[in-house]
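**Q** here are the coordinates; sequence isn't available:
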């Protein structure tokens, strides 16, 4: 997935991290310096028609998530999953995958990747 560079002021405990993907944005809160071992929980906001990109992608680790609102169409290898509010998922992110907004309104997903990609 293509991402823009997130920039953080390490002295500002309330700084927000913004990573951009085509038609999607990942937002998280930077933990206070005293809690640097804690990673923010990113909220993936996908606008109507938004997709992770035209192609499947892979990376090290695992991904899991929870659909907060809207609908998510998730493809892992050749399998397609249609997820709605309250649904969750988990998969090895070494498998080719991609996602898109499956709703006519904004979709919001709590998306967790290990190891963190940022």
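**A** Now that the structure is in, tell me what you want to look at. This structure is a prediction, so every number in the text was calculated from the model and none was measured.

**Q** contacts, neighbours, all on C-alpha from now
**A** Will do.

**Q** and the helices in this protein?
**A** Using DSSP state H, no helices are found in the chain.

**Q** which of the helices and strands in it ranks last by mean pLDDT?
**A** strand 16-21 (a mean of 36; mean pLDDT, DSSP states H and E).

**Q** was I right to think residue 88 contacts residue 65?
**A** Yes - counting by CA atoms under 8 Å, residue 88 touches residue 65, with 5.4 Å between them.

**Q** more neighbours: those two, which one.
**A** More crowded of residue 88 and residue 65, by other CA atoms under 10 Å: residue 65, with 18 against 15.

**Q** now that one: how far from residue 72?
**A** Residue 65 sits 11 Å away from residue 72, going by CA to CA, to the nearest Å.

**Q** what of residue 43?
**A** Counting by CA to CA - residue 43 and residue 72 are separated by 13 Å.

**Q** before we move on, what about residue 81?
**A** Separation of residue 81 from residue 72 (CA to CA): 8 Å.

**Q** looking at the two, which one has more neighbours?
**A** residue 72 (24 against 12).

**Q** ok, now which ones touch that one?
**A** Contacts for residue 72 (CA atoms under 8 Å, 6 or more residues apart in numbering) come out as 82-84, 99-103, 107.

**Q** which pLDDT value goes with it?
**A** According to the prediction, residue 72 has pLDDT 96.

**Q** can you check residue 115 too?
**A** What the model reports as pLDDT for residue 115 is 81.

**Q** my read: it touches residue 59, true?
**A** No - contact status for residue 115 versus residue 59: not in contact, 9.7 Å apart, counting by CA under 8 Å.

**Q** which of the two has more residues huddled nearby?
**A** Between residue 115 and residue 59, counting by other CA under 10 Å, residue 59 is the more crowded of the two (17 against 11).

**Q** dump the residue contacts of that one.
**A** 93-94.

**Q** for it, phi and psi?
**A** phi -160, psi 170 (degrees, to the nearest 10).

**Q** ok, it to residue 71 distance?
**A** Noted for residue 59: a distance of 24 Å to residue 71, by CA to CA.

**Q** so how far is residue 53 from residue 114?
**A** Taking CA to CA as the measure, residue 114 falls 20 Å from residue 53.
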